[in-house]
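> Could you look at this predicted model? Sequence included:
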Amino acid sequence: MISKEFIKALTEIRHHIHQNPELSELEFNTTAFLKEKIEAEGIEILPSNGLKTGFVAKIGSGKPVIALRADIDALPILEKTGLSYASQNDGIMHACGHDLHMTSLLGAAKLLKLRENEIKGTIKLIFQPAEEIGTGARDVIAAGLVDDVQAFFGFHNIPTLPAGTIGLRDKGVMAAVEQFDVKIIGQGSHAAYPQEGRDPIVATAAIIQNLQQVVARNVPPLEAAVLSVTHIESGNTWNVLPDSARFEGTIRTFDEKMRQMTKDRFIEIVNATAIAYGVKAEIKWIMGSSATYNDPKLTAYLFEQTKAWHNATLVPEPSSAGEDFASYGDLAPSVFAFIGSNAVGASGLHFADMIVKDETISVAVEYYVETAFSMLTYLNE
Ligand SMILES: [Zn+2]
Ligand SMILES: [Zn+2]
């Protein structure tokens with residue numbers, strides 16, 4: 001169905017994009033490059049409405065309206081893949097494989113445009129900026145470019161799944177992301193006279209130990225959550241007890257109920273333990289993306305449709321990474337797939353030696369195209 005020459009051209013496009021990665025909110029050249037390709041196909045690009053990078057294009061007209069989304073930003077990582085088409089922007093790398101996502105959406109756009117007369121409705125193509133910093137989806141939504149969309153579809157490549165496999169799973173597939181930063185305020189003293197101070201180090205150690213109860217004792221055994229303390233600092237010498245300590249980390253959950261419960265328990269445990277140790281706690285809470293939730297009905301339908309054209313379709317494990325695609329799910333039902341892009345045991349996303357295999361491109365293009373037609377049929381019924 002997709003010709004070899006077409007895939008070869010897309011492969012060259014991906015290599016070009018991979019060589020020229022740009023950081024979140026700074027994807028100016030990437031945006032210009034993509035726009036040029038989209039315009040060359042005669043596809044309409046919507047006015048930016050203040051969106052600085054990235055854009056939304058559309059094919060077809062009228063209802064129903066669906067959207068296909070690809071993200072376009074890269075990461076501040078020094079590439080160590082040794083590929084002939086490795087990054088030429090030092091210290092910046094497409095280590096999350098967004099180069100694959102946008103290339104496949106470009107390919108799908110071209111194929112869909114050729115079949116525009118078969119499209120009963122509108123397909124919006126979202127080339128989204130700033131996924132890695134969690135602001136891009138919100139910016140696209142705030143620009144009013146997807147208000148009329150009735151269902152959203154996207155995918156993420158997974159280098160640790162065999163190239164070309166498609167994974168579709170319903171409900172929570174990627175985690176909600178919370179970030180915490182806690183300051184423990186005690187009273188410094190001579191190390192030899194701890195009774196004259198209020199030791200923030202012993203208090204912090206107790207708090208971190210007590211926080212382990214949240215996942216072990218409050219999260220039901222068949223549900224999942226992660227609470228990781230990743231950074232701790234206090235004091236600067238061996239014979240003085242410091243005034244304060246600080247620790248930070250993250251919580252990952254897969255639905256709103258767990259998200260709220262783990263946050264509530266976190267705050268209770270930190271504050272109560274602080275009181276027990278005679279210190280004060282200042283909690284800074286930064287909410288990231290919500291969980292990416294796949295609509296069960298749409299997912300079941302799409303799974304059957306996908307299986308019909310692609311044998312290697314499976315139900316994957318959820319991922320405890322975050323994904324700002326979740327924001328679209330707050331507007332309308334959505335489905336986010338995983339597409340295998342290398343092999344079991346390969347380096348995962350965000351690794352400096354992460355490699356997305358070229359053979360993933362054709363499956364990804366076809367996934368976008370088939371999904372668009374399937375879902376328009378579904379919504380027209
Ligand atoms: Zn990423
Ligand atoms: Zn990503």
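Yep, it's here. Ligands and ions are numbered 1, 2, ... in the order given.

> any low-confidence regions in the stretch 251-381 of the chain?
Along the stretch 251-381 of the chain, no part satisfies pLDDT under 70.

> ranges for the strands of it?
Counting by DSSP state E, counting those that start in this stretch, the stretch 251-381 of the chain has strands at residues 280-287, 292-294, 313-314, 334-342.

> Let me have those strands in TSV, extended by mean neighbour count.
Yep, even glycine has a C-beta here, placed from its N, CA and C like the rest. Below are those laid out as TSV (neighbours: other C-beta atoms under 10 Å):
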stretch	mean neighbour count
strand 280-287	14
strand 292-294	25
strand 313-314	18
strand 334-342	25
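
> Now render those strands as TSV, adding distance to I45.
Below are the strands of the stretch 251-381 of the chain laid out as TSV (distance: least, C-beta to C-beta, whole Å):
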stretch	distance to I45
strand 280-287	32
strand 292-294	27
strand 313-314	32
strand 334-342	23
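
> so which of those comes closest to G91?
G91 lies closest, by C-beta to C-beta, to one member of those: strand 334-342, at 23.0 Å.

> and the closest one, what other elements does it pack with?
Using 3 or more C-beta pairs under 8 Å, 6 or more residues apart in numbering; DSSP states H and E, the elements in contact with strand 334-342 are strand 151-162, strand 166-167, strand 171-174, strand 292-294, helix 296-309, helix 360-380.

> Going by contacts, tell me the helices and strands next to the second one.
Helices and strands in packing contact with strand 166-167 are listed as strand 151-162, strand 313-314, strand 334-342; criterion 3+ C-beta pairs under 8 Å, 6+ apart.

> Specify the residue ranges that define each domain of this protein.
As assigned by automatic domain parsing, the chain contains the domains 4-174+292-380, 176-287.

> surely I7 meets A364?
No - using C-beta atoms under 8 Å as the test, I7 is too far from A364 to be in contact (10.6 Å).

> any residues in contact with both of those two?
Contact criterion C-beta atoms under 8 Å, 6 or more residues apart in numbering; residues shared by I7 and A364: G107.

> quick one, which of those two is more surrounded?
Set I7 next to A364 and count neighbours by other C-beta atoms under 10 Å: A364 wins out with 27 against 16.

> give me every residue that touches the more buried one.
Applying C-beta under 8 Å, 6+ apart, the residues contacting A364 are 100-101, 103-104, 107, 155, 157, 339.

> Find the pair from these with maximum spatial separation.
Greatest spacing in the contacts of A364, by C-beta to C-beta: G107 and N157 (14.3 Å).

> rewinding a little: most packed of the domains of the chain?
Each of the domains of the chain was scored by mean neighbour count; the highest is domain 4-174+292-380, a mean of 20, by mean count of other C-beta atoms under 10 Å.

> phi, psi of I201?
Note on I201: backbone dihedrals following degrees, to the nearest 10 are phi -70, psi -50.

> Next, find the distance separating it from N20.
Separation of I201 from N20 (C-beta to C-beta, to the nearest Å) stands at 47 Å.

> ok, now I232?
For I232, the distance to N20 - C-beta to C-beta - is 38 Å.

> And E36, by the same measure?
14 Å.

> residue ranges of the helices in the stretch 1-150 of the chain, please?
4-19, 28-40, 98-114, 136-142 (DSSP state H, counting those that start in this stretch).

> Please save the CA atoms from the last one in CSV.
These are the backbone C-alpha positions of helix 136-142, laid out as CSV (Å, rounded to 0.1, in the frame of the first residue of the first chain):
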residue,chain,number,x,y,z
GLY,A,136,2.7,22.3,24.4
ALA,A,137,-0.7,20.6,24.4
ARG,A,138,-2.0,23.3,26.8
ASP,A,139,-0.7,26.0,24.4
VAL,A,140,-2.4,24.3,21.4
ILE,A,141,-5.6,24.1,23.3
ALA,A,142,-5.4,27.7,24.6
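
> Show residues contacting it.
Counting by C-beta under 8 Å, 6+ apart, 24-25, 51-52, 54, 56, 71, 73, 126, 128-131, 146, 324-328, 331 sit against helix 136-142.

> quick one on the thing from earlier: would you tell me which of the helices and strands packed on strand 166-167 gets closest to K63?
The nearest among the helices and strands packed on strand 166-167, by C-beta to C-beta, is strand 151-162 at 11.5 Å.

> Just give me the residue right at the centre of this structure.
E323 (2.1 Å; C-alpha atoms, centre = their mean).

> residue contacts, that one?
Per C-beta under 8 Å, 6+ apart, neighbours of E323: 131, 156, 174, 289, 292, 336.

> Against A337, how distant is the nearest residue in space to G164 that is not next to it in sequence?
Counting by C-beta to C-beta, 6 or more residues apart in numbering, V363 is the residue found nearest to G164 once chain neighbours are left out, at 4.6 Å. Using C-beta to C-beta, one gets 11 Å for the distance from V363 to A337.

> what do the two both touch?
Between them, V363 and A337 share the contacting residues I166, judged by C-beta under 8 Å, 6+ apart.

> quick revisit: dump the helices of the stretch 1-150 of the chain to JSON lines, plus distance to S347 and mean pLDDT.
Output for the helices of the stretch 1-150 of the chain, formatted as JSON lines (distance: least, C-beta to C-beta, whole Å; pLDDT from 0 to 100):
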{"stretch": "helix 4-19", "distance to S347": "15", "mean pLDDT": "98"}
{"stretch": "helix 28-40", "distance to S347": "23", "mean pLDDT": "98"}
{"stretch": "helix 98-114", "distance to S347": "15", "mean pLDDT": "98"}
{"stretch": "helix 136-142", "distance to S347": "25", "mean pLDDT": "97"}
